[in-house]
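*Asks:* Whatever this is, show me its structure:
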Amino acid sequence: MKSPAFAVIGWFALFALGQALAADPASKEEDTPVAGATASKKPQAAPAAGPTSKASTPAVKVPDGSATPAQVRTAVEQSLPFIEREGLAWMQKNACISCHQVPSMVWATQSAHERGLPVDTAKLARWSEWATSNGLRRAVFFNVTGDLLKKFEDGKKFPEEVTKKLGKLKDQRFVFADDFDAALAKNLGDELLAAHGKPVTDAAAKTKQGGAGSSGDANQQTALLLARADRAANKPAEDRLELLSGMAKFQAKDGSWPIAGQFRGQQRSLDEAKVVTAMWAVWALASAGDLPADAQAALQRGREFLKAAKPGVTTEQLLLETLLAEADSQHDRAKELTAELIKLQHADGGWGYLKEREESDAYTTGMVLYGLGRLGCDGRDAAVGRAWQYLVANQAADGSWPQGLKVISANKKEDTKLGDAVYTYWASTWAAIGMLETLPR
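*Replies:* Got it, this is the predicted structure:
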């Protein structure tokens, strides 16, 4: 059953886009999404984790001009190796969880797992554990630097044999504790490891690496909550509470959350960036189910802050206004906002970062698909099917969705090569997340 907000999709999208499908009563009935948004103040619950083996694609009829669910699944499967490779490379090279890389990798992979795509669940658990535990709580990385070796030698802290063997690990950065443990075991042997392993590990641990925010901020915690990263971690209940309490910890007195990372330099005012940051945080908390007292209080403060929010220039803010209106059971308002969102869809099926921009991009299109999916739409809705087609048609051979820095960033001093890589990765994870969220269940 469709939510009230997305009842508008059926009549508005078909009318505005001139779909011949509207004239076929049988097809119209099949065009109804399987999963509807709830009518309560809580958005629909996140799906239960799926199997590790590939699930079959439900047989559905999609509008003309749409990609099929099978094509969407194939596109996502082709994206996962790119998402894994570049996500791990970022962790290793930059020693930073970031707002755009590691949480996005976990989110896309967890979503793929829940939809039955083949995923290495052991790797997923490892990444999730690192992100929710190491990355957010301590931001610990391990590096036996030249300076550290010199201290060992000068202070004679360890036997000469140990210091010599540790030299083989000089300046190798390890982002996972078990990788560092394995390297120590290989180089020291069992006897030396037992005697000196812990003090070496403590000395090699580098905390708060990767610059400001590497030990966790609201943007990262929001993404990890929406990614349901705690489900794949080793201590899901503990990690969930840690993430929820962290949202309260990072909240400002006025009910907003600090703008972090890439959110600060995009093509919108800082006021809008602040509002969008708060909207994502409120959406994550509203989607999380039962909340501890501190997180519940943070949710209420966030809602109060957003009451004074002004309309923005980005499609992202409009999407979040729609999600939050439906979450708060403001169904008529959500219906109006949905109609406005659908009007912004371009002829090629995509959406642009700015509401007035004519060019589509994968980052925004994937994000909009995520929102439509959370509120009950799937590929049998014309707007979703056309967005699918846009993303399938624009995927690169390596599985990514290339996107230039200047499509979204307003930072003229930012390294273009690095920025293009960052936004290509972010766009690729959003594309995968959005397509997965709108697959029929």
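*Asks:* how near is Ala308 to Thr68?
*Replies:* Per CB to CB, to the nearest Å, Ala308 is found 44 Å from Thr68. Yep, even glycine has a C-beta here, placed from its N, CA and C like the rest.
*Asks:* just Thr121 next, same as before
*Replies:* Distance, Thr121 to Thr68, using CB to CB: 27 Å.
*Asks:* One more: Ala125?
*Replies:* To Thr68, Ala125 is 32 Å away according to CB to CB.
*Asks:* And Ile433, by the same measure?
*Replies:* Ile433 sits 19 Å away from Thr68, going by CB to CB.
*Asks:* Of these two, give the one with the bigger neighbour count.
*Replies:* Legend: neighbour count by other CB atoms under 10 Å for Ile433 and Thr68, higher for Ile433 (25 against 17).
*Asks:* Let's see the helix or strand hosting the more buried one as PDB, backbone CA atoms only.
*Replies:* Ile433 belongs to helix 416-437 when assigned by DSSP states H and E. The C-alpha atoms that make up helix 416-437 are tabulated as PDB, following Å, rounded to 0.1, in the frame of the first residue of the first chain:
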ATOM      1  CA  THR A 416      40.400  18.900  -8.700                       C
ATOM      2  CA  LYS A 417      41.800  15.400  -9.200                       C
ATOM      3  CA  LEU A 418      41.200  14.400  -5.600                       C
ATOM      4  CA  GLY A 419      37.800  16.100  -5.600                       C
ATOM      5  CA  ASP A 420      36.700  14.300  -8.700                       C
ATOM      6  CA  ALA A 421      37.700  11.000  -7.100                       C
ATOM      7  CA  VAL A 422      35.800  11.900  -3.900                       C
ATOM      8  CA  TYR A 423      32.600  12.900  -5.700                       C
ATOM      9  CA  THR A 424      32.800  10.000  -8.100                       C
ATOM     10  CA  TYR A 425      32.900   7.600  -5.100                       C
ATOM     11  CA  TRP A 426      30.200   9.500  -3.200                       C
ATOM     12  CA  ALA A 427      28.000   9.500  -6.400                       C
ATOM     13  CA  SER A 428      28.600   5.800  -7.000                       C
ATOM     14  CA  THR A 429      27.600   4.800  -3.400                       C
ATOM     15  CA  TRP A 430      24.500   7.000  -3.600                       C
ATOM     16  CA  ALA A 431      23.500   5.500  -7.000                       C
ATOM     17  CA  ALA A 432      23.900   1.900  -5.500                       C
ATOM     18  CA  ILE A 433      22.000   2.800  -2.300                       C
ATOM     19  CA  GLY A 434      19.200   4.500  -4.200                       C
ATOM     20  CA  MET A 435      18.700   1.700  -6.700                       C
ATOM     21  CA  LEU A 436      18.700  -0.900  -4.000                       C
ATOM     22  CA  GLU A 437      16.200   1.000  -1.900                       C
END
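*Asks:* what's it packed up against?
*Replies:* Contact here means 3 or more CB pairs under 8 Å, 6 or more residues apart in numbering; DSSP states H and E; on that basis helix 416-437 packs against helix 69-94, helix 102-114, helix 362-374, helix 382-393.
*Asks:* Point out where the stretch 251-400 of the chain drops to low pLDDT.
*Replies:* Judged against pLDDT under 70, the stretch 251-400 of the chain has no low-scoring part.
*Asks:* residues in contact with Gly419?
*Replies:* 404-405, 409, 411 (CB atoms under 8 Å, 6 or more residues apart in numbering).
*Asks:* let's go with 6 Å and repeat that
*Replies:* Taking CB atoms under 6 Å, 6 or more residues apart in numbering, we find Gly419 in contact with 405, 409.
*Asks:* Check this protein for its longest helix and report it.
*Replies:* Longest helix in the chain, counting residues (DSSP state H): helix 177-204.
*Asks:* Report the separation between the residue nearest to the spatial centre of the chain and Thr438.
*Replies:* The residue lying closest to the centre of the chain (CA atoms, centre = their mean) is Ser104, at 3.4 Å. Shown here: Ser104 relative to Thr438, a distance of 18 Å by CB to CB.
*Asks:* Next: Arg115.
*Replies:* According to CB to CB, Arg115 and Thr438 sit 10 Å apart.
*Asks:* Can you pick out the residue with more neighbours from the two?
*Replies:* Applying other CB under 10 Å to Arg115 and Thr438 shows that Thr438 carries more neighbours, namely 30 against 21.
*Asks:* Not counting residues beside it along the chain, what's closest to that one?
*Replies:* Setting aside the residues directly before and after it, Thr438 is nearest to Gly373 in space (CB to CB, 6 or more residues apart in numbering), at 4.0 Å.
*Asks:* what about the one you found, how many residues close to it?
*Replies:* Using other CB under 10 Å, Gly373 has 25 other residues around it.
*Asks:* cool, and Asp381?
*Replies:* 27.
*Asks:* next one: Ala183
*Replies:* Ala183: 17 neighbours (other CB under 10 Å).
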